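**Q** Return a 3D structure for these sequence lines:
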Amino acid sequence: MDHLLAVSKLNKSFKIGNQKLHVLRDVELSLNPGELVALMGPSGSGKSTLLNVVGGLLEADDGSVVLGEYEYGTKKPATLNNLRRNSIGWVFQNFNLLEHLSILDNVTFALTLSGFSNQESRSRATSSLDRVGLSDRLDFYPQNLSGGQNQRVSIARAISGDRPLLLADEPTGNLDSENGKLIIQLFQELCHGTSNPISVLMVTHDPVLASNADRILLLKNGKVVPSDILVGN
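**A** Residues are numbered from 1 along each chain as shown. Have a look, this model is predicted:
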């Protein structure tokens, strides 16, 4: 199977005063189409840094990232607008929804910013909200929904442009354990469903949630290694 995402020999360091802090060291990482992968590691180990490089938001020192037709890693983030618009969706622990817009308008607005027409944006927004189980809440506002439902809206926004890769940085961090499980179940459905499956790379600190992924990777001492946590629990 061809990889959807392939990261090779990726290095990233930050200069702190006269010191150089090496965060990523020759990182190797791959994701297959339709795969849910959990990334774990100690606080400050570089998990979010790795997501930001993969997402085209941060420039690496050297190495490469290949996602579909795009090859990048050391390119200036400003040159990667098409990559971020067409291929990568983001989900964070904060929902980042506009409170004065309905959830349908929240997703529609994000699509218009990506360059879709108003009609196409509304159609795609409706479809993606249906995909996350919110077709009966289109006219609701964020304050009318639970935290778990609002996170579903942010996931709908992330996948609404038919992007093949979703990067999730602590997506259950602001949710209780029950809603956290429901979000992981949604990721499983999006990855393993027969209709237009996506791939998810998810940073989490929760080993119980991570055990529901297809694979668990550990970022340790700047390198990505397989975890000994069992999956499929």
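**Q** need the contact list for F95.
**A** Counting by Cβ atoms under 8 Å, 6 or more residues apart in numbering, F95 touches 142, 147, 150-151, 153-154, 174. Every C-beta, even on glycine, is put in place using the N, C-alpha and C of the backbone.
**Q** Now do the helix or strand of the chain with the lowest mean pLDDT: everything it contacts.
**A** Ranking every helix and strand in the chain by mean pLDDT, DSSP states H and E puts helix 81-86 at the bottom, with a mean of 86. With Cβ under 8 Å, 6+ apart as the contact definition, helix 81-86 has outside contacts at 55-57, 67, 70, 72, 114-115, 161, 163.
**Q** Give the buried residues for that helix.
**A** 83-84, 86 (16 or more other Cβ atoms under 10 Å).
**Q** low pLDDT regions in the chain?
**A** Applying pLDDT under 70 to the chain picks out residues 1, 194, 229-230, 232-233.
**Q** hey, which helix is longest across this protein?
**A** Longest helix of the chain, by residue count under DSSP state H: helix 177-192.
**Q** buried set for it?
**A** For helix 177-192, burial by neighbour count (16+ other Cβ under 10 Å) applies to 179-184, 186-187, 190-191.
**Q** swap in stretch 147-167?
**A** Neighbour count says stretch 147-167 has 147-161, 163-167 buried, by 16+ other Cβ under 10 Å.
**Q** Over to stretch 204-214?
**A** Using 16+ other Cβ under 10 Å as the test for burial, stretch 204-214 gives 204, 206, 209-214.
**Q** List of residues touching that stretch?
**A** 35-40, 43, 170-172, 180-181, 184-185, 188, 191, 202, 216, 227, 229-233.
**Q** Buried ones among these?
**A** Buried subset of these (neighbour count, 16+ other Cβ under 10 Å): 35-40, 170-172, 180-181, 184, 191, 202, 216, 227.
**Q** mind giving me CSV with the buried residues of stretch 204-214 and columns for secondary structure and distance to H3?
**A** Shown next, in CSV, are the buried residues of stretch 204-214 (DSSP: H, G, I helix; E, B strand; the rest coil; distance: Cβ to Cβ, whole Å):
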residue, secondary structure, distance to H3
T204, coil, 22
D206, coil, 26
L209, helix, 24
A210, helix, 21
S211, coil, 23
N212, coil, 22
A213, coil, 17
D214, coil, 14
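**Q** Now the phi/psi pair for the spatially most central residue of the chain, please.
**A** The residue lying closest to the centre of the chain (Cα atoms, centre = their mean) is L167, at 1.3 Å. Per-residue torsions, L167: phi -100, psi 120 (degrees, to the nearest 10).
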